[in-house]
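Asks: For reference, the sequence and a predicted model appear below.
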Amino acid sequence: MRLTDAADDFAWHLSRVRRLSEATVRAYRGDLADLAAIAADPELDEIDLETLRDWLWRATGRGDARSTLARRTAAARSFFAWALEDGRIDTDPALRLVAPKRARTLPVVASAEALGEVLDALRQAAAEGDPILLRDSAILELLYGTAMRVSELCGLDVDDVDLDRGTARVLGKGSKERVVPFGAPARDAVAAYLRRGRPALLARGDKPSARLFRGVRGGELGPRAVYDLVARVLGPIVGSETAGPHALRHSAATHLLDGGADLRAVQEILGHASLGTTQIYTHVSAERLAASYRLAHPRA
């Protein structure tokens, strides 16, 4: 069996059996397509450890980030382990494939003061009634107020948001559902959008949908549009033109911990399966504390 054919079956397995997110399945499928292109789509049993090492070496030569190389390694190891268990190969060539160590970098975090100024300015601009500004204000307030992922935001239906209780029901990674709280600014922004923004946007389209957020032409809003919005609004205050929705998630988590929130409570809000994933934000808080100390203490 050719690698590309087996990769199609593996993608189906990831989606239907392991129920991984669409983004993960798409990423793994892309990694295997890259391997097939480099190795000229060989038969599965023709791939050995040297083939895989050459594939990663070429990716390194292209300048792929360490995180990308680590994901490609994980994709290969997961794929060949599945192929062995499914009886498609006799030996696993990826068993000794080693992923490069990821460089430990702290997430980009905006200050609470700078974020507050940006969100307040957008809310005031949206008060004029422009449906796009009303939508954008609701999106940013909800992303920051709940620390949800962009995929979770785009997947929200109108009924998933309870304005009376100030909660949103989101479907996270692995199809795990959780309920996250949000505050008065997000509640007011979403209420204004539902009242004046969403109906105007819906009128521009021809396909009714329960999705909460709508695009410029009335269709369902996609992650790319949210990335562009966040980069445009958040980029200048964090000094990065590539700042995306995850920067708001990072900022929300860090500000929660700075404000005294329990680490496990933050883990629940973020939807992390492991507490260790959440703990990176304690390092961010420690760095901020150290920076404040160096600036303020006379003996620093």
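Replies: Ah, there it is. Note that the coordinates shown come from a computational prediction; the quantities given were computed from them, not determined experimentally.
Asks: When you work out contacts or count neighbours from here on, use the C-alpha atoms and nothing else.
Replies: OK.
Asks: Alpha carbons only: can I get the helix ranked longest in the chain in CSV?
Replies: As assigned by DSSP state H, the longest helix anywhere in the chain is helix 66-85. Taking C-alpha atoms only, helix 66-85 is exported to CSV below (Å, rounded to 0.1, in the frame of the first residue of the first chain):
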residue,chain,number,x,y,z
ARG,A,66,11.5,23.3,16.2
SER,A,67,7.8,23.1,17.1
THR,A,68,7.0,22.1,13.5
LEU,A,69,9.7,19.4,13.5
ALA,A,70,8.4,18.1,16.8
ARG,A,71,4.9,17.8,15.4
ARG,A,72,6.2,16.1,12.2
THR,A,73,8.0,13.6,14.4
ALA,A,74,4.9,13.0,16.5
ALA,A,75,2.8,12.5,13.3
ALA,A,76,5.2,10.0,11.9
ARG,A,77,5.5,8.0,15.2
SER,A,78,1.7,8.0,15.6
PHE,A,79,1.1,7.0,12.0
PHE,A,80,3.6,4.1,11.9
ALA,A,81,2.5,2.8,15.3
TRP,A,82,-1.1,2.7,13.9
ALA,A,83,0.1,1.0,10.7
LEU,A,84,1.9,-1.7,12.8
GLU,A,85,-1.1,-2.3,15.0
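Asks: Give me the next element, helix or strand, following it.
Replies: Later in the chain than helix 66-85, the nearest helix or strand by DSSP states H and E is helix 112-126.
Asks: Okay, angle between the very next helix or strand once past that next one and helix 112-126 too, please.
Replies: Per DSSP H and E, the first helix or strand lying C-terminal to helix 112-126 is helix 131-146. Computed by axes from the mean of the first three to the mean of the last three CA atoms, to 10 degrees, the angle separating helix 131-146 from helix 112-126 equals 150 degrees.
Asks: So what touches helix 131-146?
Replies: 119, 122-123, 125-127, 148-150, 153, 180-183, 185-186, 189-190, 192-193, 196-198, 200-201, 213-214, 216, 229-230, 245, 248-249, 251-252, 269 (CA atoms under 8 Å, 6 or more residues apart in numbering).
Asks: Ala147 versus Ala192, what's the distance?
Replies: For Ala192, the distance to Ala147 (CA to CA, to the nearest Å) stands at 20 Å.
Asks: Out of the two, name the residue with the larger neighbour count.
Replies: Ala147 (27 against 21; other CA atoms under 10 Å).
Asks: Do you know the pLDDT at the closest residue in space to the more buried one that isn't next to it in sequence?
Replies: Counting by CA to CA, 6 or more residues apart in numbering, Arg249 is the residue found nearest to Ala147 once chain neighbours are left out, at 4.3 Å. Note for Arg249: predicted pLDDT of 88.
Asks: before we move on, what about Ala296?
Replies: The predicted structure lists Ala296 with a pLDDT of 58.
Asks: neighbouring contacts of the helix or strand harbouring Ser251?
Replies: Using DSSP H and E, Ser251 sits in helix 245-258. With contact meaning CA under 8 Å, 6+ apart, helix 245-258 is reached by 107-112, 143-150, 226-227, 230-231, 263, 266, 270, 281-282, 284-285.
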